[in-house]
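Participant: Sequence first, then the predicted structure, then my questions.
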Amino acid sequence: MDKEIKLHGYPSIKLNIKTESDRGTIHLCSIYECFDHESDVAIKENEIVEFACPHCNKELLVKEECKLCGAPMVDLILTTGGRVSICSRKGCSNHYLAFQDPTTELTRFYNEYGL
């Protein structure tokens, strides 16, 4: 989480990215269902982007394909447990939230974020 770059008043999710022609960073909105982002490189519509950790630059693991467009899905691990998976194709809105132990992790999630 990047507390210095905020989107809609909340810290953004900072990631390194690689496009077909460039490398840079992207800040994703941390509000679920919000697809807003800021990037220091141009990303073409429908382009598949590779995502990596901004600290160690390790590529984020891809475990499955998007059920809407076939692009790789990218997992973002939540500190409260579970994960958010997003499609790596710009313009695709497929994403979901998953918990391994829903009762425990949802309770921690709601306690942490006060939703």
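Facilitator: Here it is on my side, so go on.
Participant: Identify each of the strands in this structure and give its residue range.
Facilitator: 2-7, 10-18, 23-28, 37-39, 50-52, 73-77, 83-87, 95-98 (DSSP state E).
Participant: who touches the fourth one?
Facilitator: Judged by CB atoms under 8 Å, 6 or more residues apart in numbering, the contacts made with strand 37-39 from elsewhere in the structure are 5, 7, 12, 17, 24-29. (Each C-beta comes from the backbone N, C-alpha and C, glycine too.)
Participant: just the third one next, same as before
Facilitator: By CB under 8 Å, 6+ apart, the residues outside strand 23-28 that reach it are 2, 5, 7, 12-17, 37-41, 43, 49, 51, 54, 86.
Participant: now the strands of the chain in a markdown table, with mean pLDDT, mean neighbour count and distance to Glu65?
Facilitator: Shown next, in a markdown table, are the strands of the chain (pLDDT from 0 to 100; neighbours: other CB atoms under 10 Å; distance: least, CB to CB, whole Å):
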| stretch | mean pLDDT | mean neighbour count | distance to Glu65 |
| --- | --- | --- | --- |
| strand 2-7 | 95 | 13 | 27 |
| strand 10-18 | 96 | 18 | 19 |
| strand 23-28 | 97 | 17 | 20 |
| strand 37-39 | 96 | 15 | 22 |
| strand 50-52 | 96 | 19 | 15 |
| strand 73-77 | 92 | 18 | 7 |
| strand 83-87 | 92 | 19 | 9 |
| strand 95-98 | 87 | 14 | 13 |
